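>>> predicted model follows, preceded by the sequence.
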Amino acid sequence: MHTDQLVSTFVEYYEERGHRRITGSTLLPPPGDSVLFTTSGMHPLTPYLEGRPHPLGKRLVNVQRCLRTTDLDEVGDATHLTVFEMLGTWSLGDYEGPLSLNWGYGLLTEGLGIDPGRLHATAFAGDGRTEPDSASLGLWQGLGVPVELTVEDNWWPNGSDGPVGPCGPNSEIFLWSGDGPPRSTPTRDDRWVEVWNHVTMTHRRLDDGSLVPLPQRNVDTGLGLERLASLLQGKSSVFECDVFEPWHRLVPALWSLDEPSLRLVCDHLRSVIVLLGDGVRPAGTGQGYVLRRLLRRVLTVLRREDPSRGIEDLPEELVRHTLDHFRQGMRPDDVLRMLREEEHRFGQLLERGRGVLAKPRFRGPLTEEDFHYLHDTHGLPRELITSLRPE
């Protein structure tokens with residue numbers, strides 16, 4: 001199933017159940033928000049989860065682009081991306097978690113044709129402060145879906161020590177990605193891939209970590225589009241789903257890269273394009289620093305094996321495809337110009353680095369302290385330091 005078809009199937013399914021589609025926001029949170037980027041579908045809806053009436057009602061559905069830097073070290077595996085799209089649904093004080101889970105099960109099995117035998121669920125086991133999520137457990141048992149109880153993994157966000165704001169027990173739906181019959185449980189076998197998180201938001205976490213009940217009980221769900229698409233398309237990773245087709249077709253012809261490096265380069269360049277399309281510009285702090293860091297990670301990978309490599313030949317087709325996919329109006333020529341300008345700044349950084357490395361203190365073997373100093377003080381990537389040293 002193509003991702004566009006998956007999106008339309010998802011949205012129509014929930015519209016038939018009384019949900020109104022809302023327009024997803026950009027990656028940039030509202031002014032005054034403490035976070036750098038929109039990291040989940042619920043983020044722009046926080047005021048409504050805390051009780052403010054939403055103009056479109058109590059049942060909502062949308063597609064939200066998100067950016068997460070907490071998973072940067074995991075980008076390149078089968079399931080993680082820096083920029084991705086989240087399919088989301090919400091009940092703002094309307095229905096409860098079991099109905100949400102029942103609808104989710106129906107969409108996956110009847111709407112998308114997934115074999116129920118390939119599904120596994122998890123639910124909150126209780127932690128002494130809050131009770132076990134017996135309602136979700138009962139729903140799964142009634143449907144015949146195996147369910148595993150956990151504590152930290154099933155309180156969202158981020159277990160018992162999560163951030164201030166709405167939170168509550170969550171039930172996650174996993175899809176078996178292995179070749180053989182399903183086995184074990186999600187916490188014991190990573191072939192169980194999490195695809196859909198259903199959170200019953202019951203509390204607000206305060207600054208001191210204590211929990212107080214929310215004025216209304218909400219349901220917030222998030223389903224990773226690229227992750228589910230790759231599984232439905234029979235692919236072994238998110239980088240092989242249809243969204244990345246032009247990247248896999250064009251990038252290997254530019255640069256000879258091993259698979260982990262290819263995935264990182266495609267992910268980060270795609271993320272940089274989306275950030276530029278949403279109005280972020282390279283800078284030394286804040287959102288602009290994240291953009292700069294992503295692009296410099298790409299340039300470091302490219303130059304690690306061949307210092308002559310650069311992104312000046314990046315095909316316009318990739319830029320246009322990404323901007324169109326995320327419904328952004330920026331001109332591809334402007335994106336390419338900014339990429340070239342930032343690459344030039346990186347080249348100047350490396351040139352200054354050669355001068356630093358020519359100093360007497362760096363002529364012998366470099367210590368860990370030297371590497372940290374060169375990175376933290378001069379911004380030199382560890383992977384390129386050796387190649388910058390004088391012969």
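Cool, the structure landed. Remember, it's a predicted structure, so these values are computed and weren't measured experimentally.
>>> which SS state does residue 174 fall under?
Classification of residue 174 by DSSP: H, G, I helix; E, B strand; the rest coil places it in strand.
>>> burial measure for it, as a count.
As a burial measure, residue 174 scores 24 neighbours (other C-beta atoms under 10 Å). Any C-beta I mention is one placed from the backbone N, CA and C, and that applies to glycine too.
>>> again, but for residue 205
With other C-beta under 10 Å as criterion, residue 205 counts 21.
>>> same check, this time on residue 29
18.
>>> and what of residue 177?
By the measure other C-beta under 10 Å, the count of residues near residue 177 is 21.
>>> give the contact list for it.
Shown in contact with residue 177 (C-beta atoms under 8 Å, 6 or more residues apart in numbering): 78, 191, 192, 193, 231, 236.
>>> wait, a strand at the fourth one?
Yes: for residue 193, which was evaluated using three-state DSSP, the result is membership in a strand.
>>> what subset of the contacts of residue 177 is buried?
For the contacts of residue 177, a neighbour count by 16 or more other C-beta atoms under 10 Å gives the buried set as 78, 191, 192, 193, 231.
>>> right, and the first one touches residue 238 too?
Read it as residue 78. Yes: Residue 78 is in contact with residue 238 according to C-beta atoms under 8 Å; the separation is 6.8 Å.
>>> common neighbours of these two, please.
Contacts common to residue 78 and residue 238, judged by C-beta under 8 Å, 6+ apart, are residue 230.
>>> ok, back up a step: for residue 111, state which of the buried ones among the contacts of residue 177 is nearest.
Nearest to residue 111, judged by C-beta to C-beta, of the buried ones among the contacts of residue 177 is residue 231 at 14.6 Å.
>>> look up the closest residue to the closest one, ignoring the ones flanking it.
Excluding its sequence neighbours, the residue lying closest to residue 231 (C-beta to C-beta, 6 or more residues apart in numbering) is residue 175, at 5.4 Å.
>>> dump the residue contacts of that neighbour.
Contacts for residue 175 were tallied using C-beta under 8 Å, 6+ apart; they are 108, 114, 118, 119, 192, 193, 195, 228, 231.
>>> 10 Å instead?
108, 114-115, 118-120, 182, 191-196, 227-228, 231-232 (C-beta atoms under 10 Å, 6 or more residues apart in numbering).
>>> so residue 23 versus residue 345, what's the distance?
Between residue 23 and residue 345 the computed distance is 35 Å (C-beta to C-beta, to the nearest Å).
>>> how about residue 312?
Distance of residue 312 to residue 345, computed by C-beta to C-beta: 14 Å.
>>> cool, residue 35 as well?
Residue 35 is 26 Å from residue 345, where distance means C-beta to C-beta.
>>> one step back: take the contacts of residue 175 and keep only those in strands.
Of the positions in the contacts of residue 175, 119, 120, 192, 193, 194, 195, 196 sit in strands, assigned by DSSP state E.
>>> the fifth one: how many residues sit nearby?
Residue 194 is surrounded by 18 other residues when neighbours are defined as other C-beta under 10 Å.
>>> so it touches residue 122, yeah?
Yes: counting by C-beta atoms under 10 Å, residue 122 is a contact partner of residue 194 at 8.5 Å.
>>> what do the two both touch?
153, 172, 173, 174, 186.
>>> what's the pLDDT at the nearest residue to the third one once chain neighbours are set aside?
Spatially, and ignoring its direct neighbours in sequence, residue 173 is nearest to residue 196 (4.2 Å; C-beta to C-beta, 6+ apart). Turning to residue 196, the model gives it a pLDDT of 97.
>>> separation between residue 196 and residue 10?
According to C-beta to C-beta, residue 196 and residue 10 sit 10 Å apart.
>>> so what sits against both of the two?
Common contacts of residue 196 and residue 10 (C-beta under 10 Å, 6+ apart): 87, 89, 107, 223, 228.
>>> rewinding a little: out of residue 35 and residue 345, which sits in the busier spot?
Of the pair residue 35 and residue 345, residue 345 is the one with more neighbours under other C-beta under 10 Å, namely 12 against 9.
>>> is it fair to say that one lies in a strand?
No: looking at residue 345 with three-state DSSP, it is helix, so not inside a strand.
>>> and it, what does it touch?
Taking C-beta under 10 Å, 6+ apart, we find residue 345 in contact with 282, 292, 295, 296.
>>> buried residues, the helix or strand containing the last one. List them.
Assigned by DSSP states H and E, residue 296 falls within helix 286-305. Of the residues in helix 286-305, 287, 290-292, 294-304 count as buried by neighbour count, 16+ other C-beta under 10 Å.
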